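> below is the structure, and that's it, no one-letter string:
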């Protein structure tokens, strides 16, 4: 079996609605520039994390552990993305 091809090199940048790889190839295009920015930011933030770990939920695990810290920025993000317990106003469990 042939080894998997590595993903397109980062960092990814944005030109209008197009997402461009480090080697100058257009890797995607979106209808709106904010969507392109979000795509590039996500890829760049995950650089160095193996795909199998991303698919296995490592970011949710790491995010949950960071949520144990009492950092205001992390707490604000946790409030937006973490599932809520019924009747509770705080984040609970894994994302």
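Nice, thanks for sending it over. Quick caveat, the model's predicted, so the values are computed rather than measured.
> I'd like to know which elements the longest helix along the chain is packed against.
The longest helix of the chain (DSSP state H) is helix 33-45. For helix 33-45, the packing partners by 3 or more CB pairs under 8 Å, 6 or more residues apart in numbering; DSSP states H and E come out as strand 13-15, strand 18-20, strand 26-29. (Each C-beta comes from the backbone N, C-alpha and C, glycine too.)
> show me what the longest one is packed against.
Based on contacts counted as 3+ CB pairs under 8 Å, 6+ apart, the elements that strand 26-29 packs against are strand 18-20, helix 33-45.
> what lies in contact with the longest helix of the chain?
Residues from elsewhere that reach helix 33-45 (CB atoms under 8 Å, 6 or more residues apart in numbering): 10, 11, 12, 13, 14, 16, 17, 18, 19, 28, 29, 30.
> any chance of JSON lines for those residues, columns distance to residue 60, neighbour count and pLDDT?
JSON lines is the format used below for the contacts of helix 33-45 (distance: CB to CB, whole Å; neighbours: other CB atoms under 10 Å; pLDDT from 0 to 100):
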{"residue": "10", "distance to residue 60": "21", "neighbour count": "15", "pLDDT": "90"}
{"residue": "11", "distance to residue 60": "23", "neighbour count": "12", "pLDDT": "96"}
{"residue": "12", "distance to residue 60": "22", "neighbour count": "22", "pLDDT": "96"}
{"residue": "13", "distance to residue 60": "27", "neighbour count": "15", "pLDDT": "96"}
{"residue": "14", "distance to residue 60": "26", "neighbour count": "19", "pLDDT": "97"}
{"residue": "16", "distance to residue 60": "32", "neighbour count": "10", "pLDDT": "93"}
{"residue": "17", "distance to residue 60": "29", "neighbour count": "15", "pLDDT": "94"}
{"residue": "18", "distance to residue 60": "29", "neighbour count": "15", "pLDDT": "96"}
{"residue": "19", "distance to residue 60": "24", "neighbour count": "23", "pLDDT": "96"}
{"residue": "28", "distance to residue 60": "24", "neighbour count": "17", "pLDDT": "94"}
{"residue": "29", "distance to residue 60": "28", "neighbour count": "14", "pLDDT": "94"}
{"residue": "30", "distance to residue 60": "24", "neighbour count": "17", "pLDDT": "93"}
